[in-house]
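Asks: Build me a model from this:
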Amino acid sequence: MQSKAATVEEYLASLPDDRRKPIEALRKQIKKNLPKGFEEVMSYGMIGYVVPHKLYPPGYHCTPALPLPFMNLASQKNFIAVYHMALYEGSLLNWFKEEWSKASDKKLDMGKSCLRFKKIDDIPYELIGELAGKMTPQQWIERYEANIKK
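Replies: Below you'll find the predicted structure:
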């Protein structure tokens, strides 16, 4: 469910308490671990972490006026979602699946880049923070360009 909030603070204020608290906890872990260079913005109606145009002037190939997306955090209708664009394939996905299996006995509910948490108690806050810190903006740009130019 896309928010029309213009700022992260407005977005957080619009959430009910049972959703705001876990979103704030995830946000705290992400910001604590996210490498320097990424910026927090509202993106696609969610809290977004992006490579800004000052680091990557071409922007997102689908909409070049937008910065290059990296991660998003959202309260959806039936779950809390963490979107991580680099989880589409490869070593980061393999690392995350392995770490998930160590951290949880729950089945991983995942789409291509979307991690879905239907139960607040199932959110691995520290693991999501660690995931956020696994790739610098430059590494993400290189991976993104390698995949876009295929």
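Asks: any idea how far the closest residue to residue 45 other than its chain neighbours lies from residue 81?
Replies: Closest residue to residue 45 in three dimensions, ignoring its sequence neighbours and counting by Cβ to Cβ, 6 or more residues apart in numbering: residue 2, at 2.9 Å. Yep, even glycine has a C-beta here, placed from its N, CA and C like the rest. Counting by Cβ to Cβ, to the nearest Å, the gap from residue 2 to residue 81 is 12 Å.
Asks: Common neighbours of those two, please.
Replies: Here residue 2 and residue 81 have residue 46 as joint contacts, going by Cβ atoms under 8 Å, 6 or more residues apart in numbering.
Asks: Which elements pack onto the helix with the most length in the chain?
Replies: Longest helix in the chain by number of residues (criterion: DSSP state H): helix 17-33. Counting contacts by 3 or more Cβ pairs under 8 Å, 6 or more residues apart in numbering; DSSP states H and E, helix 17-33 packs against helix 8-14, strand 46-51, strand 68-75, strand 80-84, helix 125-132.
Asks: what about the ones you listed, which gets the closest to residue 138?
Replies: Evaluated with Cβ to Cβ, the helices and strands packed on helix 17-33 place strand 46-51 nearest to residue 138, the distance being 8.8 Å.
Asks: Paired strands for the closest one, with orientation please.
Replies: Next to strand 46-51 in the sheet, as set by DSSP bridges, lie strand 39-43 (antiparallel), strand 68-75 (antiparallel).
Asks: So what angle separates the directions of the first one and strand 80-84?
Replies: If I follow you right, that is strand 39-43. If you take axes from the mean of the first three to the mean of the last three Cα atoms, to 10 degrees, strand 39-43 sits at 120 degrees to strand 80-84.
Asks: now swap in the longest one and tell me
Replies: Using the same axes, to 10 degrees, one finds that strand 68-75 and strand 80-84 are set 170 degrees apart in direction.
Asks: mind listing what the residue lying closest to residue 70 once chain neighbours are set aside touches?
Replies: Spatial nearest neighbour of residue 70, chain neighbours left out: residue 49 (5.0 Å); criterion: Cβ to Cβ, 6+ apart. Going by Cβ under 8 Å, 6+ apart, residue 49 touches 30, 34, 38-41, 69-72, 132.
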